[in-house]
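Asker: quick one, structure for this:
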Amino acid sequence: MHLTYENTNEEIIAVKRKPRHQPPHLHNAMEIVCVTKGTLELGVGQELYHMETGDIGVVFPDVIHHYQVFSSEVNEAVFINAPQMIFGRFENVLRNNAPQYPVVKSDVIPDEVYRAVESIIDTGQNDIWVVQAYLQIILARCIPMMKLVEKSKIGSDDIIYRTVSYISANFNKSISLDGMAHDLGVSKFSLSRLFSKTFHSSFNQYVNEARLGYACQRIETTDDTLTEISMDSGFGSLRTFNRVFKEKYRLTPSEYRNKLQI
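Answerer: Just a heads-up that it's a prediction; the model follows:
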């Protein structure tokens, strides 16, 4: 499901899918993930939090996070991204705070929260206000179960945070390691070591991961053409998009979309 507020760039995205590895990233949307089958690891800051079936992870806007999948069993989760403006009285809380422990365990979650999650997935494309109401229910029930701290204690101004923030803001443009190093005021050799030792990838691999993550989200939640998606994701051409996508997923983008429709 992909809903956009009229006359704005604000949107709500909700999808039920198999979890996949996602490198550290951040965005200004609220992210809610509910594990429906198997397990998932949610990384926030430098911590990794184990999630089991029924657990709900809550990632506040502008907080670095990532996902890891260690289990070889069948894993499935609902991923919901929504702008903080839709949460009404919680907006200031989302802007200034973050959960110290971002996972709410299944044994304390009311059934109405799960019903709200399923209802969001089942809601029609034009019922954006209904989805907003369900999201408010989820947050109203989950926030009291979490200890909130100042967001500055979760994120930071160090080079890791600035690197993730930079790529999150620029992955869909033509960027280079040299240009990024110049913009951040650090040496490209320091950045290269950071990618190698902290992100366990090269600069190009990390950027392509960010682009592929965005592209997959668009394939799963919109009817946009693959050419539009490839260009909006930062790939220079559809040919490059197809090659990088197939190297990662062993499927072409069109095969991936067709598989989702089966």
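
Asker: which regions of the stretch 151-262 of the chain sit below the pLDDT cut-off?
Answerer: 155-157, 262 (pLDDT under 70).

Asker: all helices of it, in order?
Answerer: For the stretch 151-262 of the chain, helices defined by DSSP state H, counting those that start in this stretch occupy the ranges 159-170, 177-184, 188-197, 203-221, 226-232, 238-249, 253-260.

Asker: just the ones you listed: most buried one?
Answerer: Counting by mean count of other CB atoms under 10 Å, helix 203-221 has the highest mean neighbour count of the helices of the stretch 151-262 of the chain, with a mean of 20. All C-beta spots, glycine's among them, are computed from the backbone N, C-alpha and C.

Asker: now for that one, which elements pack on it?
Answerer: strand 11-17, strand 22-25, helix 159-170, helix 188-197, helix 226-232, helix 238-249, helix 253-260 (3 or more CB pairs under 8 Å, 6 or more residues apart in numbering; DSSP states H and E).

Asker: show me how far the fifth one is from its chain's centre.
Answerer: A distance of 19 Å separates the C-alpha centroid of helix 226-232 from that of its chain, computed with CA atoms, centre = their mean, to the nearest Å.

Asker: give me the residues contacting that helix.
Answerer: Outside helix 226-232, the residues that touch it by CB atoms under 8 Å, 6 or more residues apart in numbering are 172, 214-215, 218-219, 222, 224, 237-238, 240-241, 253-254, 257.

Asker: ok, for residue 214, nearest residue in space, not its chain neighbours?
Answerer: residue 233 (5.1 Å; CB to CB, 6 or more residues apart in numbering).

Asker: ok, that neighbour touching residue 216?
Answerer: No - under the criterion of CB atoms under 8 Å, residue 233 is not in contact with residue 216, lying 9.3 Å apart.

Asker: residue 106: which of the helices of the stretch 151-262 of the chain is closest?
Answerer: Between residue 106 and those, the shortest gap by CB to CB is with helix 203-221, which sits at 25.1 Å.

Asker: what lies in contact with that closest one?
Answerer: Here helix 203-221 makes contact (CB under 8 Å, 6+ apart) with 1-2, 13-15, 17, 20, 22-23, 25, 167-168, 171-172, 175, 177, 180, 191-192, 195, 199, 201, 224, 226, 229-230, 232-235, 241, 244-245, 248-249, 253, 256-257, 260.

Asker: looking at the contacts of helix 226-232, which one is closest to residue 75?
Answerer: residue 219 (19.4 Å).

Asker: got the end-to-end distance for stretch 25-40?
Answerer: Distance across stretch 25-40, first residue to last, is 17 Å (CA to CA, to the nearest Å).

Asker: now that stretch: buried residues?
Answerer: Buried residues in stretch 25-40, counted by 16 or more other CB atoms under 10 Å: 25-27, 29-35, 37-40.

Asker: which ones among those residues are found in helices?
Answerer: Among these, DSSP state H puts none in helices.

Asker: mark which of these are part of strands, please.
Answerer: Using DSSP state E, 25, 29, 30, 31, 32, 33, 34, 35, 37, 39, 40 are the members of the buried residues of stretch 25-40 that sit in strands.

Asker: point out where the stretch 1-150 of the chain drops to low pLDDT.
Answerer: The stretch 1-150 of the chain contains residues with pLDDT under 70 at 1-10, 45-46, 124-126.

Asker: now with 50?
Answerer: For the stretch 1-150 of the chain, applying pLDDT under 50 flags the ranges 2-8.
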